[in-house]
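**Q** here you go, sequence then predicted model.
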Amino acid sequence: MTNSTLRPRDLLKDWRAVLLAYGLPSAVIFVTGALPMADIWRGVVWASASGVMSAVCFTNARRCGRLHCFLTGPFLALAALASLLYALGGLPLGPGGWSLIGMSLLVGSALLMILPEAIAGRYGERLRASHGR
C-alpha cells in the first residue's frame, strides 16, 4: 500500500482526533500529577489515560500501519501497567516514582513518535524503498 492509500485510514490525520486521543489523556496525567491525591487514584487515572492512548495506537497500527503506533502502543500499555503496579506498591520506584513514570511517558512517547518516522517515514515508506519493496 502507498502513503496515499494509508493516510485516509489514519486516525491521526485530523488534529481534533489527535487532541482527543492523546491531548486529553496527557492533560489528565499532567493535572493529576500536580494534584494531591492518593496513590491508588493517581494510578487508576494514569493507567486509564495511558491505556486509552495505547488502545488508539494499537487500533491505528492495525488500520493504517502508522509506524510509530507499532512502538507507542506497547510502550503506553507498559506505562499503564507500571502506573497501576506502582500505585499498588508492587513496583518499587521509591518516593519519586510518579515523577519517573511521568518523565518516562513524556520522553519515551516523544522519542518513539518522532524518531522512527523521521528515519523511515510515516508508514515506513523510506524503509520499504531502501529494500526495493
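**A** That came through fine. Residues are numbered from 1 along each chain as shown.
**Q** low-confidence stretches in this protein?
**A** Across the chain, the ranges flagged by pLDDT under 70 are 1-6, 128, 131-133.
**Q** can you give me the strands in this protein?
**A** Here the chain has no strands by DSSP state E.
**Q** the longest helix in it is where?
**A** For the chain, the longest helix by residue count, based on DSSP state H, is helix 39-64.
**Q** pull out the buried positions in it.
**A** In terms of neighbour count (16 or more other Cβ atoms under 10 Å), helix 39-64 has its buried residues at 42-54, 56-58, 60-61, 64. Every C-beta, even on glycine, is put in place using the N, C-alpha and C of the backbone.
**Q** do stretch 25-38 as well
**A** Buried residues in stretch 25-38, counted by 16+ other Cβ under 10 Å: 25-26, 29, 32-33.
**Q** of those residues, closest to L112?
**A** S26 (14.1 Å; Cβ to Cβ).
**Q** tell me where the chain has helices.
**A** Counting by DSSP H, the helices of the chain are 3-6, 15-18, 24-34, 39-64, 67-87, 97-120, 125-130.
**Q** figure out how far the last one is from the centre of its chain.
**A** For helix 125-130, the separation from the chain centroid amounts to 24 Å (computed by Cα atoms, centre = their mean, to the nearest Å).
**Q** now do that helix: which elements does it pack against?
**A** With contacts defined as 3 or more Cβ pairs under 8 Å, 6 or more residues apart in numbering; DSSP states H and E, helix 125-130 has these neighbours: helix 97-120.
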